[in-house]
Each structure stands twice: as structure tokens, then as C-alpha cells.
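*Asks:* Structure here, sequence nowhere to be found:
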Ligand SMILES: C[S@@+](CC[C@H](N)C(=O)[O-])C[C@H]1O[C@@H](n2cnc3c(N)ncnc32)[C@H](O)[C@@H]1O
């Protein structure tokens, strides 16, 4: 099996990753040799005798800032180690970065090598961003204590898009966001549970009816929960006809 992606994660708290990277699908992806996750402790690159990595901010203010030296040291070490790889992104997890979405995850999954840098405390000295970082990624408009959870989110979202990681028969193409819409409802056995039944069409074995039902459900869910997503979706004539009917049924609106 060929290694398809190497993800180096630079952090002050490598122990935080042991659960997510050693369980379930991400564990299996590593065992199969599809992905390598490598944790790099930024503290190992501290050059002072107490191995400190942070200091007070110039100009005053609360909290501590991670110094540039150990982060430069860690990144330069990784770049030297992986010098034979050319397709690479060096990404800083940062609330000011580009919001992570399925498009960005798919984009990152095309690379051969990702370096994810986790900030902590008040963040990392700005010169790291200026000199070494190619991307800044945010996982949402809220502030976490560190970049470790965001790095796990990015690693998971990207890893499952690597061919073979989810298994040969599992497709990511019909999932929420992959075509810009939310996914249709899913059911499994039993056929009836607590008086609730599975929609008849899913038991019919009629593939075209099932496809149409799922498409209609996707469109209805997106309309009800995330109408903003329609700004990015290319709708065909069948979709437009479904939406016209849904809106007419719901609101008595005739958009024809
Ligand atoms: C407490 S935060 C620092 C926030 C920074 N002082 C600011 O106002 O932008 C510490 C670290 O957590 C990470 N972090 C926090 N929230 C994040 C988010 N929403 N997305 C990505 N990373 C985040 C970043 O690595 C950041 O350097």
C-alpha cells in the first residue's frame, strides 16, 4: 500500500491526540499505511535550559505568547525530514483563519504532506505566520484553549477523504456538503421501531424512486435548515421542479 498523506502535528500537548488518532477509522488508516500521523512536541525545540516555550507579550496585556524559536525549530526539523515531498501545506490553526468547510478539506486531501501547527495560550509569535505558514484555518467563530482540538477536526475531515480510508465500498460523494446540500435521512433495521416506520419507498427496491425521494429530502432539509447553502449549489431542472412543488405545498407559493 502506498502512503497517500503525511500529517505532522506540532503541539505542546501531544498526549491530547492519543484517543482520536488511535481509535476507529484513523487508527485503521495508519495500520493500512495510507496515512502517517506524526506528533512533534514544540517543547523539544526549546533552546533554553528550563525548556520554556512562551513569554509575556510585548506591549503588555494578559496571557503568554509562544516564542518563535521553538516553533521555527520544529517546522524546520519537519521540512528537512520531509524534504523529498513537494506538495505541502503548512497550516496554522487559528480563529482568524479561513473557516474549515468540505471544500477546504477536499483541497487539503489533495496534498502529500500537511503540517498542522497548534497554538496555545494567547497564540504564537506573529513571525511564524509571516515566514513559514501557508494557510490559516479556523474551525468556527469561537475561541478554544488551544489548536489541538481544531487540528484533530482538520485531520479527521481530511483523512476520511483519502481513497481507501473509509473502505472500498463507502462513498463520500453523497454526504452532506459534498454536493453543497445536506444529506437525506438514513434508516436501518428494524423496519418498525416504537411505532415509527421506515418510508415505504426505501423498501421498494425501486432505485429510481429511491434516488428521487432522497434528492427531494436533501433539498427539503437544506431549504429548512441551511437555505444559505443554495447560493453555492448548481440545481438542475428536476431540482428546481421539486423545490417549486415543496414551496407551493408549504407556503402556497407558486414560483413557476
Ligand atoms: C486562546 S487561542 C488564542 C486566541 C487569540 N488570542 C485570538 O484572539 O485570536 C489559543 C490557540 O487556540 C487555537 N484556536 C482557538 N480557537 C480556534 C478556532 N476557532 N479555530 C482554530 N484554532 C483555534 C489557535 O491555535 C490559538 O493560537
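*Replies:* Perfect, thanks for sending it. The structure displayed is predicted, hence computed values, not measured ones.

*Asks:* phi, psi of residue 115?
*Replies:* Per-residue torsions, residue 115: phi -110, psi 120 (degrees, to the nearest 10).

*Asks:* which ones are touching it?
*Replies:* Taking CB atoms under 8 Å, 6 or more residues apart in numbering, we find residue 115 in contact with 7-8, 10, 75, 78-79, 88-91. To be clear about C-beta, it is placed using only N, CA and C from the backbone, and glycine gets the same treatment.

*Asks:* repeat for residue 67
*Replies:* 53-55, 125.

*Asks:* Quick check: of the contacts of residue 115, which has the highest neighbour count?
*Replies:* residue 10 (29 neighbours; other CB atoms under 10 Å).

*Asks:* hang on, it is in a helix, isn't it?
*Replies:* No. Using DSSP: H, G, I helix; E, B strand; the rest coil, the assignment for residue 10 is strand, not a helix.

*Asks:* Look up the closest residue to residue 162, ignoring the ones flanking it.
*Replies:* residue 4 (5.0 Å; CB to CB, 6 or more residues apart in numbering).

*Asks:* how about the one residue in the stretch 1-150 of the chain that gets nearest to the ligand, what does it touch?
*Replies:* Going by CB to the nearest ligand atom, the ligand is nearest to residue 119 of the stretch 1-150 of the chain, at 2.1 Å. By CB under 8 Å, 6+ apart, the contact set of residue 119 is 66, 92-94, 146-147.

*Asks:* So which of those residues reach the ligand?
*Replies:* By CB under 6 Å from any ligand atom, the members of these lying near the ligand are 93-94, 146-147.

*Asks:* need the strands for this structure, in chain order.
*Replies:* For the chain, strands defined by DSSP state E occupy the ranges 5-11, 35-41, 54-55, 65-66, 88-99, 113-117, 135-138, 192-193, 196-197.

*Asks:* tell me the average confidence for the fourth one?
*Replies:* Pointing back at strand 65-66 there. Mean pLDDT, strand 65-66: 98.

*Asks:* Please apply the same query to the third one.
*Replies:* The average pLDDT for strand 54-55 rounds to 97.

*Asks:* for the longest one, same thing?
*Replies:* This predicted structure assigns strand 88-99 an average pLDDT of 98.

*Asks:* so what does it touch, helix or strand wise?
*Replies:* With contacts taken as 3 or more CB pairs under 8 Å, 6 or more residues apart in numbering; DSSP states H and E, strand 88-99 sits against helix 102-108, strand 113-117, helix 126-132, strand 135-138, helix 148-159.

*Asks:* nearest to residue 199, of the ones you listed?
*Replies:* Smallest distance to residue 199 across the helices and strands packed on strand 88-99 (CB to CB): 26.6 Å, for helix 102-108.

*Asks:* State the distance from residue 74 to residue 21.
*Replies:* 18 Å (CB to CB, to the nearest Å).

*Asks:* Burial check on residue 225, number of neighbours?
*Replies:* Residue 225, neighbours per other CB under 10 Å, totals 10.
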